[in-house]
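Visitor: Sequence unavailable; structure follows:
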């Protein structure tokens, strides 16, 4: 499978504290990959490097074969806006905007006219079971509803890659699983690659494959044959 | 699949719902609890026979008709009480898998093998099974989803144990090899 994103031997330290120590990883087009690992293992740092939010001290990050780590901040920023979508654990919606405006935000930032952006945002409400929530503000949404709005915002611009950092971390089990169900279904439908950081095995079970980060290094696991 | 020891109680539960023929009980059992392992007719009738002998069900007169015996079974007061008690009491937790994993980890450490690699392989096998169960619960009937959830939570508990054990391997190795 052709990799969309590839990390080669990444190293990054925060002051004296090493977060990544030679982490390598490859993610194929349309794949859903779960990155797991204990707290402080470097899994979120790895995700941020893959998304071009952080620049590693050493090693390479490639997006469609292009070096992401050596790009200017302006180019990386444009890439994040045009090609990447993001879903985080919480606090993502702009409280002054309605849910519909929040979903349309990436399109508006990409220069799409307001009417067209809102028209593109609207179908996501029915698709994610949010009918009638279009004009609510974040304070008027439950945790699960807010997360689905954030998910719609992450996918509305049809990004090549969706980065999700503990997207269900603040939700109860049932709501979290609904969000995962919708995320994976929507991403597969539009061919978006998903890179998901989670410490929850039941969330990771929605992925095609998982990598584990320990002590700043990533390992892709293989189950091999299982004894009867 | 329902544990073999639970079959009589499961049949009592089905009879608590309504008096039924053996055939109906088998059909309902297979569709709800069989999970691809249908209950043999012989076991249905042998179980009903024992339940009748013990006064937990009563068999009506044989009804005329083609095919096998057609008797309608009715749950008795004794049977209903036993069923209620079983339903109310929690099932004893059975940490059987952990004991296997534990034995392997200790032996691996004792013999100087790569216990982390073993646990990672086990972890991947667990996650593969979790993916299968996640797929099973998607779009299927709610009874399947509930069973899959039960399996998922148990596997998740094992995985938490695996993670904790990996974090403690060095200390554990020192203790085991001492």
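Guide: Done, it's in. Here the structure is a predicted model, which means the values were calculated and not measured. Numbers count the residues shown, from 1 in each chain, chains lettered A, B, ... in the order given.
Visitor: for chain A, what are the low-confidence residue spans?
Guide: A:1, A:91, A:222-228 (pLDDT under 70).
Visitor: how near is the closest residue to residue B:32 other than its chain neighbours to residue B:25?
Guide: Using CB to CB, 6 or more residues apart in numbering or on different chains and skipping the chain neighbours, the partner closest in space to residue B:32 is residue B:143 (6.3 Å). The way it works is simple: take the backbone N, C-alpha and C, and place the C-beta from them, glycine included. Per CB to CB, to the nearest Å, residue B:143 is found 17 Å from residue B:25.
Visitor: Over to residue A:65?
Guide: Here residue A:65 is placed at a distance of 63 Å from residue B:25 (CB to CB).
Visitor: who's more crowded, the two?
Guide: residue B:25 (20 against 9; other CB atoms under 10 Å in any protein chain shown).
Visitor: quick one: secondary structure of the more buried one?
Guide: In three-state terms, and counting by DSSP: H, G, I helix; E, B strand; the rest coil, residue B:25 is helix.
Visitor: Compute the distance between it and chain A, please.
Guide: Relative to chain A, residue B:25 is positioned 31 Å away (CB to the nearest CB, to the nearest Å).
Visitor: Would you map the strands across chain A?
Guide: Applying DSSP state E to chain A gives strands spanning A:3-14, A:17-28, A:32-36, A:58-63, A:66-67, A:84-87, A:161-165, A:193-197, A:209-214, A:217-220.
Visitor: How about residue A:173: what's its closest non-neighbour residue?
Guide: Computed as CB to CB, 6+ apart, the closest residue to residue A:173 that is not its neighbour in sequence is residue A:202, at 7.5 Å.
Visitor: For the one you found, grab the count of nearby residues.
Guide: Neighbours of residue A:202 (other CB under 10 Å): 22.
Visitor: which is the next helix or strand following the top helix by length along chain B?
Guide: Ranked by number of residues, the top helix in chain B under DSSP state H is helix B:142-167. Proceeding N to C from helix B:142-167, the next assigned helix or strand is helix B:169-177, under DSSP states H and E.
Visitor: Which neighbouring elements make contact with that following helix?
Guide: Counting by 3 or more CB pairs under 8 Å, 6 or more residues apart in numbering or on different chains; DSSP states H and E, the packing neighbours recorded for helix B:169-177 are helix B:96-110, helix B:115-137.
Visitor: Figure out which of the ones you listed is closest to chain A.
Guide: With CB to the nearest CB, the closest approach to chain A among the helices and strands packed on helix B:169-177 belongs to helix B:115-137: 3.8 Å.
Visitor: Could you count how many residues lie near residue B:165?
Guide: Around residue B:165 there are 18 residues (other CB under 10 Å).
Visitor: wait, residue B:146
Guide: Residues lying near residue B:146 (other CB under 10 Å) number 10.
Visitor: hey, which helix is longest across chain A?
Guide: Ranked by residue count under DSSP H, the longest helix found in chain A is helix A:173-189.
Visitor: Between strand A:161-165 and that one, find me the angle.
Guide: Interaxial angle, helix A:173-189 versus strand A:161-165 (axes from the mean of the first three to the mean of the last three CA atoms, to 10 degrees): 160 degrees.
Visitor: Can you give me the buried ones in helix A:173-189?
Guide: By 16 or more other CB atoms under 10 Å in any protein chain shown, the buried positions in helix A:173-189 come out as A:175-180, A:182-184, A:186-187.
Visitor: what do you get for stretch B:156-166?
Guide: Residues of stretch B:156-166 classed as buried by neighbour count (16+ other CB under 10 Å): B:156, B:158-159, B:161-163, B:165-166.
Visitor: go on, stretch A:146-157?
Guide: Those buried within stretch A:146-157 under the rule 16+ other CB under 10 Å are A:146-157.
Visitor: Stretch B:134-149 now?
Guide: In stretch B:134-149, counting by 16+ other CB under 10 Å, buried: B:134, B:137, B:145, B:147-149.
Visitor: which outside residues touch that stretch?
Guide: A:181, A:202, A:205-206, B:32, B:35, B:133, B:152 (CB atoms under 8 Å, 6 or more residues apart in numbering or on different chains).
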